[in-house]
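**Q** Sequence and predicted structure, then a few things I'm wondering about:
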Amino acid sequence: MSDAQPSHDADHEVHEGPIKTPKQLIAAVVASFVVPIVAIILLTNFVNFGPKTGAGSEGMSAEAVARRIQPIGSIVIRTASGGALKTGEQVFQAQCSACHAAGVAGAPKVGDEAAWAPRIKTGYEALLTSALKGKGAMGAQGGGDFGEVEIGRAVVYMANQSGGKLEEPKAPAAAASGAAAAPAADAASAAAPAASATK
(Lines give C-alpha, C1' and ligand atoms only; values in the text may rest on other atoms or scores of the structure.)
Protein backbone atom coordinates (compact mmCIF):
# COMPACT_ATOMS: atom_id res chain seq x y z
CA MET A 1 0.00 0.00 0.00
CA SER A 2 2.66 2.34 0.68
CA ASP A 3 3.94 1.77 -2.82
CA ALA A 4 0.64 2.85 -4.28
CA GLN A 5 0.79 6.42 -2.83
CA PRO A 6 2.58 8.88 -5.01
CA SER A 7 5.48 10.74 -3.57
CA HIS A 8 4.70 14.39 -2.83
CA ASP A 9 8.28 15.41 -2.10
CA ALA A 10 8.90 16.17 -5.68
CA ASP A 11 5.89 18.53 -5.80
CA HIS A 12 7.00 20.60 -2.82
CA GLU A 13 9.79 23.04 -3.12
CA VAL A 14 12.06 23.58 -0.22
CA HIS A 15 11.24 26.91 1.45
CA GLU A 16 14.13 28.67 3.05
CA GLY A 17 13.97 31.79 5.26
CA PRO A 18 15.91 34.97 4.62
CA ILE A 19 18.25 34.26 7.55
CA LYS A 20 20.88 31.75 6.51
CA THR A 21 23.85 32.54 8.79
CA PRO A 22 24.31 33.32 12.50
CA LYS A 23 25.43 36.86 11.61
CA GLN A 24 22.16 37.49 9.84
CA LEU A 25 20.27 36.16 12.89
CA ILE A 26 22.13 38.52 15.23
CA ALA A 27 21.51 41.46 12.88
CA ALA A 28 17.80 40.62 12.73
CA VAL A 29 17.51 40.43 16.54
CA VAL A 30 19.34 43.75 17.03
CA ALA A 31 17.24 45.41 14.33
CA SER A 32 14.04 44.15 15.97
CA PHE A 33 14.98 46.15 19.08
CA VAL A 34 16.63 49.20 17.50
CA VAL A 35 14.08 49.95 14.78
CA PRO A 36 11.07 50.33 17.16
CA ILE A 37 13.10 52.48 19.58
CA VAL A 38 14.22 54.79 16.78
CA ALA A 39 10.63 54.95 15.50
CA ILE A 40 9.34 55.93 18.96
CA ILE A 41 12.01 58.64 19.36
CA LEU A 42 11.23 60.09 15.94
CA LEU A 43 7.50 60.02 16.68
CA THR A 44 7.86 61.81 20.03
CA ASN A 45 10.10 64.45 18.47
CA PHE A 46 7.57 64.98 15.72
CA VAL A 47 4.76 65.40 18.27
CA ASN A 48 6.80 67.77 20.49
CA PHE A 49 7.79 70.07 17.62
CA GLY A 50 4.18 70.90 16.87
CA PRO A 51 2.55 74.00 18.33
CA LYS A 52 1.60 73.66 21.98
CA THR A 53 -2.11 74.25 22.24
CA GLY A 54 -4.88 72.99 24.45
CA ALA A 55 -5.27 72.51 28.16
CA GLY A 56 -2.05 72.49 30.17
CA SER A 57 0.14 73.54 27.25
CA GLU A 58 1.61 76.49 29.16
CA GLY A 59 2.67 74.27 32.07
CA MET A 60 6.25 74.01 30.84
CA SER A 61 6.70 77.67 29.92
CA ALA A 62 9.51 79.52 31.65
CA GLU A 63 7.07 81.68 33.61
CA ALA A 64 5.07 78.68 34.85
CA VAL A 65 8.21 76.86 35.95
CA ALA A 66 9.49 79.98 37.72
CA ARG A 67 6.16 80.30 39.60
CA ARG A 68 6.36 76.66 40.72
CA ILE A 69 9.92 76.85 42.04
CA GLN A 70 9.73 80.26 43.72
CA PRO A 71 10.37 80.33 47.49
CA ILE A 72 7.32 79.90 49.69
CA GLY A 73 8.30 82.52 52.23
CA SER A 74 10.95 85.07 52.86
CA ILE A 75 12.94 86.27 55.80
CA VAL A 76 12.91 89.95 56.69
CA ILE A 77 15.52 91.13 59.13
CA ARG A 78 14.73 94.33 60.96
CA THR A 79 16.79 96.19 63.48
CA ALA A 80 15.39 96.83 66.94
CA SER A 81 15.81 100.56 66.49
CA GLY A 82 14.29 100.51 63.00
CA GLY A 83 12.39 103.80 63.06
CA ALA A 84 9.78 105.38 65.28
CA LEU A 85 7.37 103.15 67.12
CA LYS A 86 3.76 103.21 65.99
CA THR A 87 1.06 104.55 68.28
CA GLY A 88 -1.62 102.32 69.70
CA GLU A 89 -4.20 103.76 67.33
CA GLN A 90 -1.96 103.17 64.27
CA VAL A 91 -1.36 99.54 65.25
CA PHE A 92 -5.07 99.08 65.98
CA GLN A 93 -6.01 100.42 62.54
CA ALA A 94 -3.41 98.27 60.78
CA GLN A 95 -3.65 95.01 62.72
CA CYS A 96 -6.60 94.83 65.11
CA SER A 97 -9.49 96.75 63.55
CA ALA A 98 -10.50 93.93 61.18
CA CYS A 99 -11.93 91.97 64.11
CA HIS A 100 -12.17 94.37 67.06
CA ALA A 101 -13.92 97.21 65.19
CA ALA A 102 -16.92 95.01 64.33
CA GLY A 103 -16.65 92.27 66.98
CA VAL A 104 -15.91 89.51 64.46
CA ALA A 105 -15.46 85.88 65.65
CA GLY A 106 -16.18 86.69 69.30
CA ALA A 107 -13.62 89.51 69.53
CA PRO A 108 -14.68 92.19 72.03
CA LYS A 109 -15.74 95.27 70.08
CA VAL A 110 -13.79 98.43 70.87
CA GLY A 111 -16.03 100.76 72.88
CA ASP A 112 -18.14 97.92 74.36
CA GLU A 113 -17.41 98.47 78.06
CA ALA A 114 -19.41 95.41 79.14
CA ALA A 115 -17.33 93.10 76.94
CA TRP A 116 -14.01 94.69 77.93
CA ALA A 117 -14.61 95.10 81.70
CA PRO A 118 -13.71 91.50 82.69
CA ARG A 119 -10.69 91.59 80.43
CA ILE A 120 -9.45 94.92 81.78
CA LYS A 121 -9.76 93.55 85.35
CA THR A 122 -7.16 90.87 84.51
CA GLY A 123 -4.62 93.65 83.99
CA TYR A 124 -2.28 94.86 81.28
CA GLU A 125 0.10 91.87 81.44
CA ALA A 126 -2.71 89.34 80.90
CA LEU A 127 -4.12 91.36 77.99
CA LEU A 128 -0.68 91.69 76.42
CA THR A 129 0.03 87.96 76.82
CA SER A 130 -3.30 87.12 75.15
CA ALA A 131 -2.46 89.45 72.27
CA LEU A 132 1.10 88.19 71.81
CA LYS A 133 0.34 84.47 72.13
CA GLY A 134 -3.20 84.46 70.77
CA LYS A 135 -6.46 83.53 72.44
CA GLY A 136 -9.54 81.81 71.07
CA ALA A 137 -9.95 82.62 67.38
CA MET A 138 -7.33 85.39 67.53
CA GLY A 139 -3.95 84.33 66.23
CA ALA A 140 -0.70 85.27 67.93
CA GLN A 141 0.32 88.85 67.15
CA GLY A 142 3.86 88.54 68.49
CA GLY A 143 6.63 88.26 65.93
CA GLY A 144 4.61 89.93 63.19
CA ASP A 145 4.89 93.37 61.66
CA PHE A 146 4.83 95.12 65.02
CA GLY A 147 7.04 94.80 68.08
CA GLU A 148 5.91 93.89 71.58
CA VAL A 149 5.73 97.53 72.71
CA GLU A 150 3.60 98.45 69.69
CA ILE A 151 1.23 95.54 70.32
CA GLY A 152 1.09 96.65 73.96
CA ARG A 153 0.17 100.16 72.87
CA ALA A 154 -2.65 98.78 70.71
CA VAL A 155 -3.93 96.72 73.68
CA VAL A 156 -3.90 99.82 75.90
CA TYR A 157 -5.60 101.86 73.16
CA MET A 158 -8.43 99.33 72.79
CA ALA A 159 -8.85 98.90 76.55
CA ASN A 160 -8.87 102.65 77.20
CA GLN A 161 -11.39 103.22 74.39
CA SER A 162 -13.57 100.68 76.19
CA GLY A 163 -13.53 102.18 79.68
CA GLY A 164 -10.06 101.20 80.89
CA LYS A 165 -7.46 103.46 82.44
CA LEU A 166 -4.26 101.61 81.53
CA GLU A 167 -0.92 103.35 81.14
CA GLU A 168 0.72 103.09 77.72
CA PRO A 169 4.00 101.12 77.72
CA LYS A 170 7.17 103.13 77.31
CA ALA A 171 9.54 102.74 74.37
CA PRO A 172 12.41 100.34 75.16
CA ALA A 173 15.05 102.87 74.04
CA ALA A 174 13.84 105.44 76.58
CA ALA A 175 13.77 102.85 79.35
CA ALA A 176 17.22 101.56 78.37
CA SER A 177 18.74 105.04 78.19
CA GLY A 178 17.25 105.89 81.62
CA ALA A 179 18.64 102.67 83.08
CA ALA A 180 22.05 103.32 81.50
CA ALA A 181 22.09 106.91 82.76
CA ALA A 182 21.59 105.85 86.41
CA PRO A 183 24.69 103.60 86.61
CA ALA A 184 26.72 106.23 84.78
CA ALA A 185 25.65 108.88 87.31
CA ASP A 186 26.50 106.51 90.20
CA ALA A 187 29.93 105.83 88.69
CA ALA A 188 30.58 109.56 88.23
CA SER A 189 29.57 110.37 91.81
CA ALA A 190 31.78 107.54 93.12
CA ALA A 191 34.73 108.77 91.04
CA ALA A 192 34.44 112.37 92.28
CA PRO A 193 35.22 111.60 96.00
CA ALA A 194 38.03 109.30 94.96
CA ALA A 195 39.56 112.08 92.85
CA SER A 196 39.27 114.63 95.68
CA ALA A 197 40.88 112.17 98.12
CA THR A 198 43.95 111.75 95.91
CA LYS A 199 44.62 115.54 95.80
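**A** Happy to help now that I have it.
**Q** Can you pull out the low-pLDDT segments for the protein?
**A** 1-12, 48-57, 76-83, 143, 172-199 (pLDDT under 70).
**Q** SS state for the residue nearest the centre of the chain?
**A** Note on the chain: the residue nearest the mean C-alpha position is Gly73, at 3.6 Å, using Cα atoms, centre = their mean. What DSSP: H, G, I helix; E, B strand; the rest coil gives for Gly73 is coil.
**Q** Against Glu16, how distant is it?
**A** Going from Gly73 to Glu16 by Cβ to Cβ, to the nearest Å gives 74 Å. The way it works is simple: take the backbone N, C-alpha and C, and place the C-beta from them, glycine included.
**Q** and what of Lys86?
**A** Taking Cβ to Cβ, one finds Lys86 at 97 Å from Glu16.
**Q** Just want to know which of the two has more residues nearby.
**A** Neighbour tally, Lys86 and Glu16, criterion other Cβ atoms under 10 Å: the higher count belongs to Lys86, 20 against 7.
**Q** and that one, what does it touch?
**A** Counting by Cβ atoms under 8 Å, 6 or more residues apart in numbering, Lys86 touches Ala94, Phe146, Glu150, Arg153.
**Q** Can you tell me which of those residues has the most neighbours?
**A** Arg153 (24 neighbours).
**Q** contacting residues around that residue?
**A** Applying Cβ under 8 Å, 6+ apart to Arg153 gives the contacts Leu85, Lys86, Thr87, Gly88, Val91, Glu168, Pro169.
**Q** what's the closest of these to Glu113?
**A** The closest of the contacts of Arg153 to Glu113 turns out to be Gly88 (Cβ to Cβ; 17.7 Å).
**Q** ok, the closest one touching Val156?
**A** Yes. At 5.6 Å, Gly88 counts as touching Val156 under the criterion of Cβ atoms under 8 Å.
**Q** Is Val29 located within a strand, as I assumed?
**A** No. Applying three-state DSSP, one finds Val29 to be helix, outside a strand.
**Q** Run a quick neighbour tally on it.
**A** Neighbours of Val29 under the rule other Cβ under 10 Å: 11.
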